[in-house]
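# Test case, fold it:
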Amino acid sequence: MYLDIDDFMKKIPMIGESFDAMRGMKMADRNASCVEIYSAPNVCRCMVKLLDEGEG
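Below is the predicted model:
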């Protein structure tokens, strides 16, 4: 799953908050790494791996 944060340089704390919120969901794989990609000059995409089907 992912969440895009527009204008992230003005919202740096939102990156950690987004990862915390997504990792708190039942469908998130809490053992996997989180990834952030800067997909545009002002967009940070925060990604968390989902559990494989049947897990959880």
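# going forward, measure contacts and count neighbours with C-alpha atoms only.
Fine.
# Break down the protein into its helices, ranges please.
Ranges of helices within the chain are 12-23, based on DSSP state H.
# which stretches of it have low pLDDT?
56 (pLDDT under 70).
# what are the ranges of the strands in it?
2-6, 34-40, 43-48 (DSSP state E).
# Point out the most buried one among those.
strand 43-48 (a mean of 19; mean count of other CA atoms under 10 Å).
# what is the orientation angle of it with strand 2-6?
160 degrees (axes from the mean of the first three to the mean of the last three CA atoms, to 10 degrees).
# Just give me how far strand 43-48 sits from the chain centre.
Here strand 43-48 shows a centroid-to-chain-centroid distance of 5 Å under the convention CA atoms, centre = their mean, to the nearest Å.
# Just the residues contacting it, thanks.
Strand 43-48 is contacted by residues 1-8, 15, 18-19, 22-23, 28-29, 32-39 when judged by CA atoms under 8 Å, 6 or more residues apart in numbering.
# circling back to that earlier point, now the strands of the chain in CSV, with distance to residue 54?
As requested, these are exported to CSV (distance: least, CA to CA, whole Å):
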stretch, distance to residue 54
strand 2-6, 21
strand 34-40, 21
strand 43-48, 18
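# Alright, that wraps it up for me.
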